[in-house]
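J.: need a structure here:
(one chain, ligands or ions: 1)
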Amino acid sequence: MSKSLISIQDFSKEEILHVLDVAKEFEKNRSQDFLSGKVIACLFFEPSTRTRLSFEAAINRLGARVIGFPDARNTSQSKGETLEDTIKIVSNYVDMIVMRHPMEGAAAVAASVSPVPIVNAGDGANQHPTQTLLDMYTILQTQGKLDGLDINMVGDLKYGRTVHSLTQAMSHFNPHFTFTAPEELRMPKKYLEKLSELGIDFKETESLEEGLNACDILYMTRVQQERFPSKEDYDKVKDVYELTASMLGGVRKNMKILHPLPRITEIATDVDDTPYAYYFQQAQNGMFVRMAVISYLLGYR
Ligand code: CP
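T.: Below is the predicted model:
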């Protein structure tokens, strides 16, 4: 059976560090062709800008070719074909499948019927493991280490899949977490219980100001409109936090602001010009990290 990446927990601490090392090689040498002759499918059943295009750029830069569909409404799933059948068919054509899907657990379903590796590019509110790897690459790049950092995650910690994966992965590195969210969007209990079990230090707050000056990484997130049961529920919390440049006067000098993007109103554009903003570089790192993930899963690095 081929190795897939469905949850960040599919990678050990050693594998995470290996992929980050390989990504560094690709940052130095961005175009290689050792995957020439391979074909990789990018199946995006949900909108994406960064993940899709950085995967496609990564595939092209490794010398492989990419296939996919421009719009999931034009696939035979709209005629009622199951995800399992779609994956059984597409896996006959390609060497790897990268998939984003709105259903939690969709990537695991795909992996259960696929003879080729599946890479989860986001499944509902569950996991986004390649985002986590690029987040960790960026944390290492900006802090010079992964161990013992103060990490403050802010915003939609309930539906935000990136914070779920990142919490699990950073747990290998003795972090101190602050989870900043309104009551409605708190980090799900199962993640908090796991941290308690591992003896990892964390606190929860509703106040953005409270944890702002005591973190190395401020990980901002968008309120995930598409996952709310109603617009009314979304409207209650959609503007809960707005980080502005004027709020950054007392932050640590080494502090960096990350965001998986897209942002809506949670980071004002005047933050972009401060030395703390790092979200655009973070998005660029996605390409190097995805080159590394593809190479590793296909057995080339
Ligand atoms: N960070 C992220 O997943 O962005 P996209 O939705 O644009 O892919």
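J.: from L208, how far off is the residue in the stretch 51-200 of the chain positioned nearest to the ligand?
T.: Taking Cβ to the nearest ligand atom as the measure, the stretch 51-200 of the chain has T51 as its residue closest to the ligand, at 3.2 Å. C-beta: built from backbone N, CA, C; applies to glycine. Distance, T51 to L208, using Cβ to Cβ, to the nearest Å: 27 Å.
J.: out of the two, which sits in the more crowded spot?
T.: Legend: neighbour count by other Cβ atoms under 10 Å for T51 and L208, higher for T51 (24 against 20).
J.: about what we covered before: which residues does the residue of the stretch 51-200 of the chain closest to the ligand contact?
T.: Counting by Cβ atoms under 8 Å, 6 or more residues apart in numbering, T51 touches F44, R100, A121, G122, H128, T130, Q131, G286.
J.: now, which of the residues you listed sits nearest D216?
T.: Using Cβ to Cβ, Q131 comes nearest to D216 of those, at 19.0 Å.
J.: helix or strand: which one has the closest one?
T.: Element membership of Q131, judged by DSSP states H and E, is helix 129-143.
J.: quick one: distance of that helix to the chain centre.
T.: Put simply, helix 129-143 sits 9 Å off its chain's centre (Cα atoms, centre = their mean, to the nearest Å).
J.: immediately after that helix, which helix or strand?
T.: Next in sequence after helix 129-143, counting helices and strands by DSSP H and E, comes strand 150-154.
J.: export that next one to PDB, keeping only CA atoms.
T.: This file holds the C-alpha atoms of strand 150-154, laid out as PDB (Å, rounded to 0.1, in the frame of the first residue of the first chain):
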ATOM      1  CA  ASP A 150       4.800  30.600  22.600                       C
ATOM      2  CA  ILE A 151       2.100  30.200  20.000                       C
ATOM      3  CA  ASN A 152      -1.200  32.200  20.100                       C
ATOM      4  CA  MET A 153      -3.900  31.000  17.700                       C
ATOM      5  CA  VAL A 154      -6.700  33.500  17.100                       C
END
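J.: please name the nearest non-neighbouring residue to the closest residue to the ligand within the stretch 201-301 of the chain.
T.: Nearest residue of the stretch 201-301 of the chain to the ligand: P260, at 3.7 Å (Cβ to the nearest ligand atom). Distances taken as Cβ to Cβ, 6 or more residues apart in numbering place T162 nearest to P260, at 4.4 Å, with adjacent residues excluded.
J.: do Q9 as well
T.: For Q9, the nearest residue in space outside its immediate sequence neighbours is Q168; the separation is 5.8 Å by Cβ to Cβ, 6+ apart.
J.: helices and strands around the helix or strand hosting the one you found, which ones?
T.: According to DSSP H and E, Q168 maps onto helix 161-170. Using 3 or more Cβ pairs under 8 Å, 6 or more residues apart in numbering; DSSP states H and E, the elements in contact with helix 161-170 are helix 129-143, strand 150-154, helix 189-198.
J.: tell me the predicted confidence for the residue of the chain most remote from its centre.
T.: Residue farthest from the centre of the chain, counting by Cα atoms, centre = their mean, is K79 at 30.5 Å. pLDDT for K79: 92.
J.: returning to what we had before: taking strand 150-154 as reference, get the angle to the helix holding Q131.
T.: Put simply, helix 129-143 runs at 130 degrees to strand 150-154, going by axes from the mean of the first three to the mean of the last three Cα atoms, to 10 degrees.
J.: report the angle between helix 129-143 and helix 161-170.
T.: Interaxial angle, helix 129-143 versus helix 161-170 (the same axes, to 10 degrees): 60 degrees.
J.: tell me the mean pLDDT over helix 129-143?
T.: Taken as a whole, helix 129-143 carries a mean pLDDT of 98.
J.: any residue of it touching the ligand?
T.: Yes - using Cβ under 6 Å from any ligand atom, helix 129-143 reaches the ligand at Q131.
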